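1. Provide a 3D model corresponding to the input given below.
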Amino acid sequence: MDDNTQTPWFLGIDLGTGSCKSVVVDEAAHILGFGVSDYQSDSVQSKWREQDPNAMIGGMVRSVRAAVSDAGVSEKQCAGISLGAALHGILAVDRNGDPLTGVMTWADDRASAQARKAKETGAAESLYEETGCPIHWMYPLYKIQWIREKTPEVFRQADRFISAKEFFVKRMVGDYFVDYSLAAGSGLLNTHSLNWSQTACDLTGIDSGRLSALCGPTETFNRITSEIADAMGIPSDTPFVLGSSDAVNSNLGAGAVHPWQSTCMVGTSGAFRIISPKPVLDQSARSWCYAVDKDKWLVGGAINNGGVALSWLQDMFNSAMSTASENRLLTFNDLIDLAGQAEAGAGGVICLPFFAGERSPYWNLNARAMFLGLTLQHDARHIARSLLEGVAFRMRSINEVVCEISEDIRQVRASGGFTRSPLWLQIVTNAFNRELSVPAWGETSSLGAAFWAMLGTGALSSFESIGDLVPLDRTYRPEADAAAIYDRVFEIYKSLYTTISPSFETIAGLQKELKI
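-> Numbers count the residues shown, from 1 in each chain. I've put the predicted structure just below:
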């Protein structure tokens with residue numbers, strides 16, 4: 001590696017649900033180093049439902065140290081850092097800032113009854129119009145209600161209700177601050193006035209004094225605490241730029257900073273997003289609208305079932321194989337190769353990949369997965385292919401909504417784990433029937449965080465200039481025959497959902513009785 005010891009550099013940190021990723025870039029946004037670390041703790045209730053915030057700090061420190069070591073840079077040359085984090089998480093802390101709960105993540109569904117009650121009482125329309133958030137249990141708005149109703153002693157002791165990022169910011173700068181995007185993802189922010197929503201606060205039974213101070217993403221603090229600085233191995237006078245959420249950062253890191261550019265992200269979950277110069281709401285509340293700063297909003301939709309659906313199939317196959325004489329386990333690439341052996345359309349097998357309920361555009365917690373069209377002539381190849389296609393159709397559903405309610409989208413950029421699979425990228429391209437461009441650097445959320453560090457310290461002149469710093473690696477183009485097949489299958493897919501959806505609640509109720 002080149003000697004970077006005299007190079008000024010910027011650090012972008014992506015505090016994800018399952019791990020923390022950090023990237024070191026120079027003043028031209030060239031990648032110098034990268035580090036990743038899981039959160040190691042025996043006290044984590046569940047990998048996805050609830051996180052230990054103190055264990056997350058350990059993961060952040062390890063990822064930062066790994067990135068700096070990988071870059072071979074001088075710690076003294078750090079010109080700025082910024083922190084991004086996953087949306088929709090919440091924890092309660094006491095007056096000393098110590099956790100009273102774990103971080104209830106976006107995947108924690110314990111507040112489903114509270115969300116359902118809000119919908120039944122007719123609050124859905126007014127809440128959506130004010131906050132830009134459809135009614136759904138993932139929003140901290142409903143998780144705080146759950147804490148109040150199910151753990152009243154914790155609710156009484158709680159001095160603040162904050163996200164994991166706010167927990168980190170308090171440790172870094174000594175007080176509670178939250179950027180507009182993280183605040184918007186709580187369901188508690190008025191997306192028009194950029195103040196805490198009184199309507200939402202009244203619903204939770206708290207006032208804004210139990211929430212953090214609202215700031216723009218370029219808010220810059222000139223010092224970080226020696227505790228965190230020493231742990232990360234950087235000077236305490238390093239500027240800390242508040243930054244934004246991982247969702248916003250994913251767009252920035254993909255170079256999609258103009259209203260006519262979108263990102264199609266498929267990781268564990270999935271999302272389709274644009275950055276708009278104004279709030280954009282949907283009459284049917286199929287999409288969300290989160291503030292970024294005073295003149296930018298993130299508009300789009302998300303799905304629960306991206307790579308997690310493929311993980312389910314992988315686990316199922318491997319569980320069956322573990323009892324066979326050959327014990328070699330299937331990998332992610334094995335499943336992709338298996339899917340590649342079937343033709344577009346998966347031999348007429350259609351998958352509704354609702355293994356973990358669903359968000360946009362149906363917002364149906366009770367949605368359940370299914371395969372339709374299986375015959376004796378089908379095998380594992382068709383099941384694997386139909387699952388990849390089912391996720392692609394989910395993304396197409398959101399793409400159609402965003403295109404309907406926003407300005408003309410002329411470019412789609414890919415991000416997330418699926419960018420490692422040429423087959424899956426081509427399937428999504430054909431399902432959309434439009435070009436899909438892949439940035440050269442795949443860890444877009446950590447890079448987006450680094451861009452905020454550069455913006456906040458003046459190393460970048462404008463938000464729009466970010467797009468010039470993100471080169472594209474390759475572009476996928478639709479294959480006419482496959483795209484035509486997907487158009488036909490997609491119509492069946494939509495009809496199937498409409499037909500079967502009334503049964504979802506009944507099935508979910510039965511599964512609850514059977515304790516599934």
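2. helices and strands of this protein: which one bottoms out on pLDDT?
-> Ranked by mean pLDDT, DSSP states H and E, the helix or strand of the chain with the weakest confidence is strand 50-51, at a mean of 86.
3. just checking, what packs against that strand?
-> strand 103-104 (3 or more C-beta pairs under 8 Å, 6 or more residues apart in numbering; DSSP states H and E). For the C-beta atoms, the positions are set from N, CA and C on the backbone; glycine is no exception.
4. now the element after the strand it packs on, going C-ward?
-> Using DSSP states H and E, the helix or strand that directly follows strand 103-104 along the chain is helix 112-120.
5. on that earlier part again, can you give me how far the least confident helix or strand of the chain is from the chain middle?
-> 16 Å (C-alpha atoms, centre = their mean, to the nearest Å).
6. which residue packs closest to Phe418, ignoring adjacent ones?
-> Val266 (3.9 Å; C-beta to C-beta, 6 or more residues apart in numbering).
7. if I look at the one you found, how far off is Ser415?
-> As judged by C-beta to C-beta, to the nearest Å, Val266 and Ser415 stand 8 Å apart.
8. for the chain, longest helix please?
-> If you go by DSSP state H, the chain has its longest helix at helix 380-405.
9. pull the CA atoms of stretch 54-62 into PDB?
-> What follows is stretch 54-62, C-alpha atoms only, in PDB (Å, rounded to 0.1, in the frame of the first residue of the first chain):
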ATOM      1  CA  ASN A  54     -22.700  -0.800  24.700                       C
ATOM      2  CA  ALA A  55     -21.700  -3.800  22.600                       C
ATOM      3  CA  MET A  56     -22.400  -1.700  19.500                       C
ATOM      4  CA  ILE A  57     -19.900   0.900  20.800                       C
ATOM      5  CA  GLY A  58     -17.300  -1.900  20.900                       C
ATOM      6  CA  GLY A  59     -18.100  -2.900  17.400                       C
ATOM      7  CA  MET A  60     -17.700   0.700  16.200                       C
ATOM      8  CA  VAL A  61     -14.300   1.100  17.800                       C
ATOM      9  CA  ARG A  62     -13.100  -2.200  16.300                       C
END
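10. buried set for it?
-> 55-62 (16 or more other C-beta atoms under 10 Å).
11. what is the rounded mean pLDDT of it?
-> If you average the pLDDT over stretch 54-62, you get 94.
12. and for stretch 388-401?
-> 97.
13. mind checking how far that stretch is from the chain centre?
-> 16 Å.
14. give me the buried stretch members for that stretch, please.
-> 388-401.
15. could you break this structure into its assigned domains?
-> 9-241, 261-516 (automatic domain parsing).
16. and these: which comes nearest Ala254?
-> Ala254 sits nearest to domain 261-516 of all the domains of the chain, at 4.4 Å, using C-beta to C-beta.
17. returning to that earlier point: can you name the element that comes right after the longest helix of the chain?
-> Toward the C-terminus, helix 380-405 is succeeded by strand 411-415 as the next helix or strand (DSSP H and E).
18. tell me what that next one is packed against?
-> strand 261-266, helix 422-432, strand 436-439.
19. buried deepest among these, which one?
-> Comparing these by mean neighbour count (mean count of other C-beta atoms under 10 Å), strand 261-266 comes out on top with a mean of 26.
20. tell me the strands beside that strand, with direction?
-> strand 270-276 (antiparallel), strand 411-415 (parallel) (DSSP bridges).
21. show the pLDDT at Asp2.
-> 55.
22. which stretches in the stretch 151-300 of the chain count as helices?
-> For the stretch 151-300 of the chain, applying DSSP state H, counting those that start in this stretch gives helices covering 152-157, 164-173, 180-184, 198-204, 226-232, 246-253.
23. can you list the helices and strands packed on strand 411-415 in a markdown table and add mean pLDDT and distance to Val349?
-> Formatted as a markdown table, the helices and strands packed on strand 411-415 follow (pLDDT from 0 to 100; distance: least, C-beta to C-beta, whole Å):
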| stretch | mean pLDDT | distance to Val349 |
| --- | --- | --- |
| strand 261-266 | 96 | 20 |
| helix 422-432 | 98 | 14 |
| strand 436-439 | 98 | 24 |
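24. give me the residues contacting the next helix or strand after the least confident helix or strand of the chain.
-> As assigned by DSSP H and E, the chain's next helix or strand after strand 50-51 is helix 53-71. If you take C-beta atoms under 8 Å, 6 or more residues apart in numbering as the criterion, helix 53-71 is touched by 1, 4, 9, 11, 13, 15, 19-24, 32-41, 43-44, 75, 91, 99, 102-103, 164, 167-168, 171, 231-234.
25. which of those are buried? Put it as a ChimeraX command.
-> Those of these that count as buried under 16+ other C-beta under 10 Å are selected in ChimeraX with:
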select :4,9,11,13,15,19,20,21,22,23,24,32,33,34,35,36,37,39,44,91,102,103,164,167,168,171,231,232,234
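26. out of the contacts of helix 53-71, which sit inside strands?
-> Of the contacts of helix 53-71, the ones assigned to strands by DSSP state E are 9, 11, 13, 15, 19-24, 32-38, 91, 103.
27. tell me the contacts of Ile31?
-> 23-25, 441, 447.
28. considering the residues you listed, which member attains the minimum pLDDT?
-> Among the contacts of Ile31, pLDDT bottoms out at Trp441, giving 95.
29. give me the element that one is part of.
-> Per DSSP H and E, there is no helix or strand for Trp441.
30. need the contact list for it.
-> 31, 253, 447, 470.
31. quickly note the distance from it to Asp473.
-> From Trp441 to Asp473 the distance is 8 Å (C-beta to C-beta).
32. just Val349 next, same as before
-> For Val349 relative to Asp473 (C-beta to C-beta), the value is 32 Å.
33. now do Leu376
-> On the measure of C-beta to C-beta, Leu376 and Asp473 end up 42 Å apart.
34. so for the two, which sits in the more crowded spot?
-> Asp473 (12 against 5; other C-beta atoms under 10 Å).
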